[in-house]
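> Structure of the sequence below:
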Amino acid sequence: MPDREYGDRIRALRRQYREDRQAFDPPEDPPASDRAMSLCREGLGPTVMVYVDARANDWGVRFSESEFDALHETLNGYLELYAACYGVDIHADVTVREAAELLLDTHNVRDVAAMLTGVPARHGENGTNA
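Have a look, this model is predicted:
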């Protein structure tokens with residue numbers, strides 16, 4: 001895939017994230033685990049996979065600074081929305097490489113989101129520390 005096609009995918013993912021963020025209303029009675037999983041499958045996973053695809057299939061691909069910025073915004077934004085589904089407010093600052101390595105290790109985007117956010121808490125599914 002030429003570099004331009006990756007750029008187009010990245011821009012489309014960021015547009016979708018911004019639409020999802022704009023439309024997002026935190027759940028009134030968290031957790032909303034089905035909603036969190038949907039954000040993982042439809043947003044977080046595809047965002048990480050752009051990076052994985054580029055690194056696994058096209059080593060010559062070089063992302064521009066603006067493309068990395070878009071990936072960073074989209075990845076971290078989806079992690080924040082994911083956590084909000086559990087009633088947890090976080091400020092995510094994860095690199096796409098870190099998320100990609102976890103995805104390759106776990107093969108499960110929900111596990112990636114849980115490890116990167118700490119949500120839900122390991123001892124419970126409700127996202128609290130109690």
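> And stretch 31-40, what's buried?
Going by neighbour count (16 or more other CB atoms under 10 Å), the buried part of stretch 31-40 is 31-33, 35-37, 39-40. Any C-beta I mention is one placed from the backbone N, CA and C, and that applies to glycine too.
> In helices, which of those fall?
Using DSSP state H, 33, 35-37, 39 are the members of the buried residues of stretch 31-40 that sit in helices.
> and of those, the nearest to M115?
Comparing these against M115 with CB to CB picks out A36 as the nearest, at 13.8 Å.
> in this protein, which ranges drop under the pLDDT threshold?
Judged by pLDDT under 70, the chain has its weakly predicted residues at 1-3, 122-130.
> would you list every one of the helices in it?
3-23, 33-39, 45-57, 65-84, 96-106, 109-117.
> Can you add distance to I90 and give those helices back as a markdown table?
A markdown table is the format used below for the helices of the chain (distance: least, CB to CB, whole Å):
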| stretch | distance to I90 |
| --- | --- |
| helix 3-23 | 14 |
| helix 33-39 | 13 |
| helix 45-57 | 17 |
| helix 65-84 | 5 |
| helix 96-106 | 14 |
| helix 109-117 | 6 |
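> Now stretch 73-86: buried residues?
Neighbour-count burial for stretch 73-86 flags 73-86 (criterion: 16+ other CB under 10 Å).
> so what's the residue sitting nearest the centre point of the chain closest to, chain neighbours aside?
With distances taken as CA atoms, centre = their mean, L44 lies nearest the centre of the chain, 2.9 Å away. Using CB to CB, 6 or more residues apart in numbering and skipping the chain neighbours, the partner closest in space to L44 is Y78 (4.3 Å).
> Correct me if wrong: the one you found contacts R41.
No: at 10.6 Å, Y78 and R41 do not qualify as touching, with contact defined as CB atoms under 8 Å.
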